[in-house]
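# Return a 3D structure for these sequence lines:
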Amino acid sequence: MIRFKNGALDLVAIGRENLRNVHRNYPKPILYEEIINKREGQISNRGPIVVRTGHFKERTYEDRFIVKEPLGEAKVHWSEKVQPISEEHYNLLLYRLLAYMQNKEVYVQNCLTCPGTPYETPIRIITERAWHSLFARNMYMPILNQKDPQSFNPSFSVIHIPGFHAIPEMDGTRSNSFIIIHMTHKVAIIAGTCYAGDMRQAVFTMLNYILPHDKIFPMRCSSAMNKNGDVALFFGRENTGKTTLAIDSELVFIGDSAHGWTNEGIFNYEAGCYARVLNVSSEHEVELFELTRQFGTVLENVTINPETRRIDRTDASLTDNTRAAFSNQRLSHVAPKQIQPHPKHIFLVTCDAFGVLPPIARLTHDQAVYGFLSSYSSEFKRTESGQIVPTFNVCFGESSLTFPPSVYARQFSEKIKDHQVTCWLLNTGWIGEPYGKTDRISIDYSRTLVRAAISGQLNQSGFEVDPVFQFEIPLSCPNVPTQVLHPRQLAEDPGEYEVRANRLAMEFMKDFSQFENEMPDHMRAVFSQILHIDDQLNFETLGFSM
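Numbers count the residues shown, from 1 in each chain. Now for the predicted structure:
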């Protein structure tokens, strides 16, 4: 019979009887020894552990499920990216998983999320592999010097067992890998995949269900503040550069990805970073580059020379989603673990491959809410016709949402209005010409624009209104060429640029239609006026498509 402790699945309690060994709260040096002895990874020449995740090298939303039981039914907003699974299938998988675990070893880390805040939440992370335990120890605050680890009472548990595989036709899954959350059992089970990012996603999702929704607005964003204490948030999809922008030598780093916004201010859910490191250089990303050479860092799918043990940050042969996981405390400028002031600036970061959007633009309140809902970026997977696809991801993380998008849009709207936050669009992609015809904008320019926005310099330059998107583009910025600020000035063919701009505007409107009916009437009326396009343009006749 499966036992529970205060409603939570207590696999460690079961392990005392059925597991061969339970390794609790191992520190990094011992985990290094375990990783090497069990051949889970290699030590690179400067000290980080280099690991491989096998077939899965990024999150797979299609394999994520939430158990459809009374608590889940009451709290979950079901969508294509939040799929239900029956309790019968969950129970069958659970019993088979426990059978697989007979006479196995596991690693356990007792950690804290939201450390140093009134919302501090204890969690337990149980892994089959030592390197995943090291990842957990980097990402969350380990509880040191526990007198009785066995009596630890977590709010929920994450169980990561890559060696166990589902049988889709019997277990109700899409493939042999899965991530399943049972809210009443307070457990997230990950199996059939080694990708460590699934653990992080599971923790963020569980916290969204556990933390008080009426007090906390959950956010997928990075954050930093300047030396004067002015806080900035960077919302953005993967590969937009939001973490790199927050890790800036002239800013104080707060957090990488998961945050909460309360009536008192903002706080970081995590205690570590899980940053993309493909093409990270010592010239442009000094601190991030150094952290790829330090003891304790986990390098995921980064190429390593088998003879010299030197890593190659430019090699994307395994995946372009190469990652480094490390503790925030390894950075030189880190904010204390506590609630920070309300943000003064929010940057909606996109990577526009079509060369339409400016590197920075000031948004009205309504434009910011619209941008938050759409969460636009370009997907770098070409279609059969050779085109790059525009993609949208509601509220920068639909798969973790508890409530309908309109609820989060209203929260976002109230927060930026109540605290008079200045909102900006920041394009870290291509300016004027699309991907393949010009280079991506320099990270140095993006950083300069962010610093100028936070300091107030941009407000002194004056603005012009974009005729299609209606946002305000600054006329100048110190240390950034004026033509870089204006995509139309960099386009070789002004007419073709206008077609691209209007086509992208139509894509925004098309995406918004999916949840338009969920919006209150006044919000729907406002959003319908945000984009101004010529309805007479016939893109098929012009021979243009995305």
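
# Between its first and last residues, how far does stretch 481-497 reach?
20 Å (CA to CA, to the nearest Å).

# who's in contact with it?
For stretch 481-497, contacts defined as CB atoms under 8 Å, 6 or more residues apart in numbering pick out 355-360, 431-433, 438, 441, 445, 473-477, 544. Yep, even glycine has a C-beta here, placed from its N, CA and C like the rest.

# Buried residues in stretch 272-289, which are they?
Gly272, Cys273, Tyr274, Ala275, Arg276, Val277, Leu278, Val280, Glu285, Glu287, Leu288, Phe289 (16 or more other CB atoms under 10 Å).

# swap that for stretch 486-494, sorry
In stretch 486-494, counting by 16+ other CB under 10 Å, buried: His486, Pro487, Arg488, Leu490, Ala491.

# now the first one: how far from Met141?
When you say that, I think you mean His486. Distance, His486 to Met141, by CB to CB, to the nearest Å: 45 Å.

# just the third one next, same as before
According to CB to CB, Arg488 stands 48 Å off from Met141.

# what's the host helix or strand of Leu299 packed up against?
Per DSSP states H and E: Leu299 is located in strand 298-300. If contacts are counted by 3 or more CB pairs under 8 Å, 6 or more residues apart in numbering; DSSP states H and E, strand 298-300 sits against strand 49-51, helix 130-139, strand 323-327.

# tell me the mean pLDDT over it?
The pLDDT scores in strand 298-300 average 98.

# contact partners of the helix or strand following it?
Under the assignment DSSP H and E, the closest C-terminal helix or strand after strand 298-300 is strand 303-304. Applying CB under 8 Å, 6+ apart, the external contacts of strand 303-304 come out as Gln42, Ser44, Val50, Arg310, Ile311, Asp312, Asp315, Ser317, Leu318.

# Just the buried ones from those, in PyMOL syntax?
Entered in PyMOL, the line below selects the buried ones among the contacts of strand 303-304, by 16+ other CB under 10 Å:
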select buried, resi 42+44+50+311+315
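
# Go through the contacts of strand 303-304 and flag which are in strands.
Among the contacts of strand 303-304, the members found in strands (DSSP state E) are Gln42, Val50, Ile311, Asp312.

# Looks like the last one contacts Val302 (just checking).
Same thing as Asp312. Yes - between Asp312 and Val302 there is a contact under CB atoms under 8 Å: 7.4 Å.

# shared neighbours, the two?
Going by CB under 8 Å, 6+ apart, no residue sits against Asp312 while also sitting against Val302.

# if we can go back for a sec, what subset of the contacts of stretch 481-497 is buried?
Buried, going by 16+ other CB under 10 Å: 355-360, 431-433, 441, 445, 473-474, 477, out of the contacts of stretch 481-497.

# For Pro437, grab phi and psi.
Just so we're on the same page, residue 437 is Lys rather than Pro. phi -110, psi -10 (degrees, to the nearest 10).

# thought Glu285 was touching Ala246?
No - counting by CB under 8 Å, Glu285 does not reach Ala246; the two are 11.5 Å apart.

# Show the contacting residues for Tyr195.
Tyr195 makes contact with Thr53, Phe56, Lys57, Glu58, Arg59, Glu300, according to CB under 8 Å, 6+ apart.

# Can you classify it by secondary structure?
At Tyr195, secondary structure determined by DSSP: H, G, I helix; E, B strand; the rest coil is coil.

# What ranges does the stretch 251-400 of the chain have for its strands?
252-255, 258-261, 266-268, 272-276, 298-300, 303-304, 311-312, 323-327, 343-350, 360-363, 376-379, 389-392 (DSSP state E, counting those that start in this stretch).

# Ok, which of the helices and strands packed on strand 298-300 comes nearest Ile159?
Ranking the helices and strands packed on strand 298-300 by proximity to Ile159 (CB to CB) places helix 130-139 first, at 10.6 Å.

# from what I can see Asp63 touches Gly172, true?
No - using CB under 8 Å, Asp63 is not in contact with Gly172; the gap is 11.6 Å.

# if you count what's nearby, which of the two comes out ahead?
A count of neighbours by other CB atoms under 10 Å puts Asp63 above the other of Asp63 and Gly172, at 23 against 20.
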